[in-house]
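Trainee: 3D, please:
(3 chains)
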Amino acid sequence: YLEDVKIQARGQLQAVESRYKAQKKITQAFELEILDLFGRLEKSSLLKKLEDDKTEAAE
Amino acid sequence: YLEDVKIQARGQLQAVESRYKAQKKITQAFELEILDLFGRLEKSSLLKKLEDDKTEAAE
Amino acid sequence: VYYEKVGFRGVEEKKSLEILLKDDHIEKLCTFSQRFPLPSMYRILVWKVLLGIIPPHHESHALVMKYRKEQYWDIHHALRVIRFINDSTPQVDVFLRIHQLESGKLPRNIAFPLEPEDEVFLAIAKAMEEMVEDPIECYWLVSCFVNQLNSKHKDSLQQLPKMLEQYLNIEDNRLLMHLKTCAAMSKLPYDLWFKKVWDKVISGSCKILVFVAVEILLTFKMKIIALNSAEKITQFLENIPQDNTDAIVSKAVDLWRTHCGTPAHST
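Mentor: Got it, this is the predicted structure:
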């Protein structure tokens, strides 16, 4: 009976463990998205700055 | 002794579950961050478009 | 420091603590740490068990701590990704952000002003940081301690001011009147006084805090009576000399016993 309890406990642990891994995959995908968005945002504000500088130089 | 094993198993399960829940919270935080970044990116490209239009109109 | 100075009163107490840890009896552990000061070598271990960070069974400590560690780094990494923390963020601020994310209270923007509960968290984190070397262990202790304060002791925390008034009235009515006249009763620095009685609060009784407050007020009675505005009194109490903290705490424990009998039955 003790063995039963142990097996059951291990089963539960594994179940949560695999849910954790699945969730982590999602998090990683989101992380890539965030990094990409930060990159685009920085590029766009850099571009804007460059253009502003150009405009100022032209004036 | 059986009780001991059960308590021990519960302690472990709680720790794994808490790690899983934390991962879920991270996903939620990332989701919000993505929405926010998209918002900022759209605003910045809208601004840029507006300025371009202004420049064209002035020319 | 308090425990080292006051000392662990006898070899017997140390032995009984060892037996408690081995036999995994949480309730007895609570009673024990309310009655006797914990020896420093066991303090952190006992706190971790009492706060539910690790189970009482020694065999699963390594595995459970591994999960705790991973969870800490998972969130730590996430906070870096969303730029809430970086290499130069002070440790206690890192703890706060991790705790906020875990409890779903991370502000929309890092520039948001801190809530009063965040200030309490930081005060506790700073005190804990001085006692616990390992940052991960420290985070878990602070976070679980704060959670326990908010759930288990919420009601009693709100009653603290009322209880303080009640006991101060018994001990020294004139001092109470003076504090009331200056309107200083509502501005007492409770969070600072917390640091002195961790063990008792962690093991389930936050009433001890009232007696620490009473004892501090009694100890500095003459100075307080000489001050005549709430601001001056608060300022004085926030900067009271630290050198006789030990004496104050042990007197507070005595006072607590006088008013409440055996600690185990008075939470």
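
Trainee: for the residue of chain C found nearest chain B, helix, strand, or coil?
Mentor: Using CB to the nearest CB, the closest approach of chain C to chain B is made by C:Pro55 at 2.7 Å. The C-beta positions use only the backbone N, C-alpha and C, and glycine is treated the same way. Secondary structure, DSSP: H, G, I helix; E, B strand; the rest coil: C:Pro55 is coil.

Trainee: In contact with the closest residue to it other than its chain neighbours, which residues?
Mentor: Distance criterion CB to CB, 6 or more residues apart in numbering or on different chains; nearest residue to C:Pro55, sequence neighbours excluded, is B:Gly11 at 2.7 Å. B:Gly11 is in contact with C:54-57, C:60, C:64, counting by CB atoms under 8 Å, 6 or more residues apart in numbering or on different chains.

Trainee: Would you format those as a markdown table with neighbour count and pLDDT included?
Mentor: Below are the contacts of B:Gly11 laid out as a markdown table (neighbours: other CB atoms under 10 Å in any protein chain shown; pLDDT from 0 to 100):
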| residue | neighbour count | pLDDT |
| --- | --- | --- |
| C:Ile54 | 21 | 87 |
| C:Pro55 | 24 | 81 |
| C:Pro56 | 22 | 76 |
| C:His57 | 18 | 76 |
| C:Ser60 | 18 | 85 |
| C:Val64 | 22 | 94 |
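
Trainee: any idea which of these is the one closest to C:Gln91?
Mentor: C:Ile54 (21.6 Å; CB to CB).

Trainee: Surely the closest one touches C:Trp47?
Mentor: No. Using CB atoms under 8 Å, C:Ile54 is not in contact with C:Trp47, being 10.0 Å away.

Trainee: Check which helix or strand A:Glu56 maps to.
Mentor: helix A:2-58 (DSSP states H and E).

Trainee: Now the residue nearest to the spatial centre of chain A. Nearest residue, chain neighbours left out?
Mentor: Centroid-nearest residue in chain A, with CA atoms, centre = their mean: A:Glu31, separated by 1.6 Å. If the residues on either side of it in the chain are set aside, A:Glu31 comes closest to C:Val81, at 5.3 Å by CB to CB, 6+ apart.

Trainee: Please list all residues in contact with the one you found.
Mentor: Contacts of C:Val81 (CB under 8 Å, 6+ apart): A:31, A:34-35, B:30, B:33.

Trainee: Put together TSV for those residues, with pLDDT on each row.
Mentor: As requested, these are arranged in TSV below (pLDDT from 0 to 100):
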residue	pLDDT
A:Glu31	96
A:Ile34	96
A:Leu35	95
B:Phe30	96
B:Glu33	95
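
Trainee: Just the buried residues from those residues, in ChimeraX please.
Mentor: To isolate the buried members of the contacts of C:Val81 in ChimeraX, using 16 or more other CB atoms under 10 Å in any protein chain shown:
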select /A:31,34 /B:30,33
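
Trainee: Quick check: longest helix in chain C by residues?
Mentor: Longest helix of chain C, by residue count under DSSP state H: helix C:61-81.

Trainee: Report the angle between that one and helix B:2-58.
Mentor: With axes from the mean of the first three to the mean of the last three CA atoms, to 10 degrees as the basis, helix C:61-81 and helix B:2-58 are set at 10 degrees to each other.

Trainee: gap between A:Leu50 and chain C?
Mentor: Separation of A:Leu50 from chain C (CB to the nearest CB, to the nearest Å): 23 Å.

Trainee: Could you check how many residues crowd around that residue?
Mentor: Neighbour count for A:Leu50, taken as other CB atoms under 10 Å in any protein chain shown: 10.

Trainee: tell me which element C:Lys126 is part of?
Mentor: Here C:Lys126 is assigned to helix C:116-131, by DSSP H and E.

Trainee: In PDB, list the C-alpha atoms belonging to that helix.
Mentor: Extracted C-alpha coordinates of helix C:116-131, given in PDB (Å, rounded to 0.1, in the frame of the first residue of the first chain):
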ATOM      1  CA  PRO C 116       2.400  51.500   1.200                       C
ATOM      2  CA  GLU C 117       2.400  47.700   1.300                       C
ATOM      3  CA  ASP C 118       5.500  47.800  -1.000                       C
ATOM      4  CA  GLU C 119       7.200  50.000   1.500                       C
ATOM      5  CA  VAL C 120       6.500  47.500   4.200                       C
ATOM      6  CA  PHE C 121       7.800  44.700   2.000                       C
ATOM      7  CA  LEU C 122      11.000  46.700   1.400                       C
ATOM      8  CA  ALA C 123      11.500  47.300   5.100                       C
ATOM      9  CA  ILE C 124      11.100  43.600   5.900                       C
ATOM     10  CA  ALA C 125      13.400  42.700   3.000                       C
ATOM     11  CA  LYS C 126      16.100  45.000   4.200                       C
ATOM     12  CA  ALA C 127      16.000  43.600   7.700                       C
ATOM     13  CA  MET C 128      16.000  40.000   6.400                       C
ATOM     14  CA  GLU C 129      18.900  40.700   4.000                       C
ATOM     15  CA  GLU C 130      21.100  41.500   7.000                       C
ATOM     16  CA  MET C 131      20.400  38.100   8.500                       C
END
